[in-house]
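Trainee: just need the structure, nothing else, for what follows:
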Amino acid sequence: MTKRKDPADCLPHGRPQIYTEELAASICMRLSGGESLRSICNQEGMPCQQTVYSWIFCRPSFLEKYTRAREEQAETMADEIVAIADETPQTAPVFDKDGNLIDVRMDSAYIQWQRNRVDARKWTASKLRPKKYGDRITHGGDDASPVVIENNMNIFGELLKNIKLQRQTEK
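Mentor: As a prediction, the model looks like this:
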């Protein structure tokens with residue numbers, strides 16, 4: 001088992017390690033805007049990820065703000081999915097061997113890139129807010145066919161009777 005490093009050990013000189021409400025608010029605001037914690041922490045003047053994780057663990061008020069920011073991040077990602085889907089696709093001209101334009105087609109690489117962007121956001125949103133954006137698995141029926149749970153203990157009595165009858169007939 002590896003020993004967890006002290007968050008202060010990962011801080012190069014000049015990185016803030018002291019918690020302030022302003023720094024926490026900045027991190028949470030950027031998270032809710034869709035940035036990843038990694039990209040935030042890689043920027044000048046921001047603490048490393050381990051420091052932020054220690055704040056989450058040690059400061060219940062920051063945990064609450066961080067959790068809310070992550071929920072808002074899921075909303076931002078859902079909005080981004082719609083924006084990506086609404087973008088006009090890039091097209092690629094098709095020329096004949098003489099250089100004449102014969103067709104304009106959608107760029108398949110661009111479409112695949114957009115699909116990957118949407119899928120990444122869908123997956124992340126489903127993990128950040130599973131009740132809202134996760135796959136729904138229902139364990140219940142509907143009005144037409146409700147789920148019925150039966151507890152029929154009489155079946156054991158019937159089995160015992162059958163076993164007794166079999167034993168009597170074998171004798």
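
Trainee: residues in contact with stretch 122-139?
Mentor: 70, 71, 73, 74, 75, 77, 78, 81, 147 (CB atoms under 8 Å, 6 or more residues apart in numbering). Just so you know, the C-beta spots here come from the backbone N, C-alpha and C atoms, and that holds for glycine as well.

Trainee: out of those, who has the most neighbours?
Mentor: residue 73 (23 neighbours; other CB atoms under 10 Å).

Trainee: check the secondary structure at the spatially most central residue of the chain for me.
Mentor: Note on the chain: the residue nearest the mean C-alpha position is residue 127, at 2.2 Å, using CA atoms, centre = their mean. Using DSSP: H, G, I helix; E, B strand; the rest coil, the three-state assignment for residue 127 comes out as helix.

Trainee: pLDDT at it, what is it?
Mentor: We have a pLDDT of 89 for residue 127.

Trainee: and the longest helix anywhere in the chain, which residues are buried?
Mentor: Ranked by residue count under DSSP state H, the longest helix found in the chain is helix 60-86. The neighbour-count check on helix 60-86 (16 or more other CB atoms under 10 Å) flags 62, 65-66, 69-70, 72-78, 80-81 as buried.

Trainee: distance to residue 105 and pLDDT added to the residues you listed, as TSV?
Mentor: TSV is the format used below for the buried residues of helix 60-86 (distance: CB to CB, whole Å; pLDDT from 0 to 100):
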residue	distance to residue 105	pLDDT
62	51	96
65	48	96
66	45	96
69	42	96
70	40	95
72	39	95
73	36	95
74	35	93
75	35	94
76	32	95
77	30	93
78	30	92
80	26	94
81	25	92
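
Trainee: farthest-separated two in those residues?
Mentor: Based on CB to CB, the longest span within the buried residues of helix 60-86 runs between 62 and 81 and measures 28.6 Å.

Trainee: quick check: which ranges of the protein have low pLDDT?
Mentor: For the chain, the stretches with pLDDT under 70 are 1-16, 137-141, 149-153, 171.
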